[in-house]
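**Student:** no letters, just coordinates:
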């Protein structure tokens, strides 16, 4: 019976991540115009493109939905890693927890550096 507690725990962690993904996609869809402006700005500067052209009625909607899904997935990555750490941490030794914290600390600086240079 002890083994099934882990299934319940990982199930709830997955539910938290799925709810976060849904909220991220919903928020991304509400802000899709701003996201498109950010994406299109380099195209306007370097290639003198004024706007996007959609040839089909569903193409514009699906394009907006895809951009919202990518933005939501990108926003959900930190929540996913936090849930993974919360699930794995009770099973780690103390030295493994310390090395894991160091890796997370250093990788967060790499992520911030990547955000700065993009």
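**Tutor:** Done, it's in. What you see is a predicted model; the values in this text were computed from it and never measured. Numbers count the residues shown, from 1 in each chain.

**Student:** what's near enough to touch the spatially most central residue of the chain?
**Tutor:** Within the chain, the residue whose C-alpha comes closest to the C-alpha centroid is residue 74; the distance, by Cα atoms, centre = their mean, is 2.2 Å. By Cβ atoms under 8 Å, 6 or more residues apart in numbering, the contact list for residue 74 reads residue 24. All C-beta spots, glycine's among them, are computed from the backbone N, C-alpha and C.

**Student:** quick one: distance of the one helix or strand it maps to to the chain centre.
**Tutor:** Assigned by DSSP states H and E, residue 74 belongs to helix 57-88. Helix 57-88 has its average C-alpha position 5 Å from the chain's average C-alpha position, going by Cα atoms, centre = their mean, to the nearest Å.

**Student:** repeat for stretch 30-38
**Tutor:** Per Cα atoms, centre = their mean, the displacement of stretch 30-38 from the mean C-alpha position of its chain is 16 Å.

**Student:** how about stretch 27-42?
**Tutor:** Using Cα atoms, centre = their mean, we find the averaged C-alpha position of stretch 27-42 to lie 15 Å away from the chain's own average C-alpha position.

**Student:** likewise for stretch 82-92?
**Tutor:** Taking the mean C-alpha point of stretch 82-92 and that of its whole chain, the gap between them comes to 19 Å (Cα atoms, centre = their mean).

**Student:** what sits up against that stretch?
**Tutor:** Contacts to stretch 82-92, defined as Cβ under 8 Å, 6+ apart, come from residues 9, 10, 13, 14, 16, 17, 97, 100, 104.

**Student:** remind me what the helix or strand encompassing the first one packs against, helices and strands.
**Tutor:** Okay, so that is residue 9. Per DSSP H and E, residue 9 falls inside helix 2-30. Contact analysis of helix 2-30 by 3 or more Cβ pairs under 8 Å, 6 or more residues apart in numbering; DSSP states H and E lists helix 57-88 as its packing neighbours.

**Student:** got the angle for the helix it packs on vs helix 2-30?
**Tutor:** Relative orientation of helix 57-88 and helix 2-30, computed by axes from the mean of the first three to the mean of the last three Cα atoms, to 10 degrees: 140 degrees.
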